[in-house]
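**Student:** Just to be clear, the model below is a prediction. Sequence and coordinates:
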Amino acid sequence: MELIDDGYCFACGPGNPAGLKLNFVFDGRTMRAEFVPRREHQGFLNIVHGGIISTLLDEAMGKLSIETGTPAVTARLDVRLRKVLRPGQKIVVEAEIVKGSRKLMEAYAKIVTEEGEIIADAFGKLMKIQDPGSGVQGPG
C-alpha cells in the first residue's frame, strides 16, 4: 500500500475547501495542533459533532506515525467523549506513541481546552505500512 498526500485530506489538506485545515507541529515526541471548530462542525445546536472530534484525534495519531518515519493507517480507534465541545471554543489536539511492535503502533491522543480540561481522548492501534520504501509522498 502506498500513502500519497495530494493536499486534499479532509483533516489537514490545504487544498480541501471543506476541510479542517489542521496545521500540526511535531516537537520530537508529540504531534500537536490548535483548532477552533465552527458552527458547520456541530451536530446538535452549539455542540460539535462527535465525528469531528474523532477525526481530530485520529488525524493527530496518523500524522504522528508519518512524522516519526513509520507511516501507518488506523486499525482501531477507541474514543471517549468527556465534555461538550462548543463551536468557537479553541482547543489543542495532541498525540503521542504509547507502544510499538513490528506490525502495530499504539498511540494516545487527547483534545484539551486552553485551560487544560480534557474534552475527549482516544487510544488507537495503527497498522504500519509494511514497505517503508514506498513511504508517503507529498503533493506535487
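**Tutor:** That came in fine, so what should we check first? Numbering: from 1, shown residues only.
**Student:** close enough to count as contact, L126 and M61?
**Tutor:** Yes. Using Cβ atoms under 8 Å, L126 is in contact with M61, at 6.2 Å. C-betas here are computed from N, CA, C, even on glycine.
**Student:** Can you pull the residues that touch both of these two?
**Tutor:** Shared contacts of L126 and M61 (Cβ atoms under 8 Å, 6 or more residues apart in numbering): 74, 107.
**Student:** Not including adjacent chain positions, what is the nearest residue to the most centrally placed residue in the chain?
**Tutor:** Centroid check for the chain by Cα atoms, centre = their mean gives E59 as the closest residue, at 2.0 Å. Take E59 and drop its neighbours on the chain: the residue closest to it by Cβ to Cβ, 6 or more residues apart in numbering is A11, 3.8 Å away.
**Student:** Next one: the one you found from L45, what distance?
**Tutor:** According to Cβ to Cβ, to the nearest Å, A11 and L45 sit 24 Å apart.
**Student:** OK, contacts around the nearest residue to E117 once chain neighbours are set aside?
**Tutor:** Distances taken as Cβ to Cβ, 6+ apart place K83 nearest to E117, at 6.5 Å, with adjacent residues excluded. Taking Cβ under 8 Å, 6+ apart, we find K83 in contact with 117-120.
**Student:** for the chain, what helix or strand is lowest in average pLDDT?
**Tutor:** strand 136-137 (a mean of 52; mean pLDDT, DSSP states H and E).
**Student:** Please consider this matter closed, and thank you.
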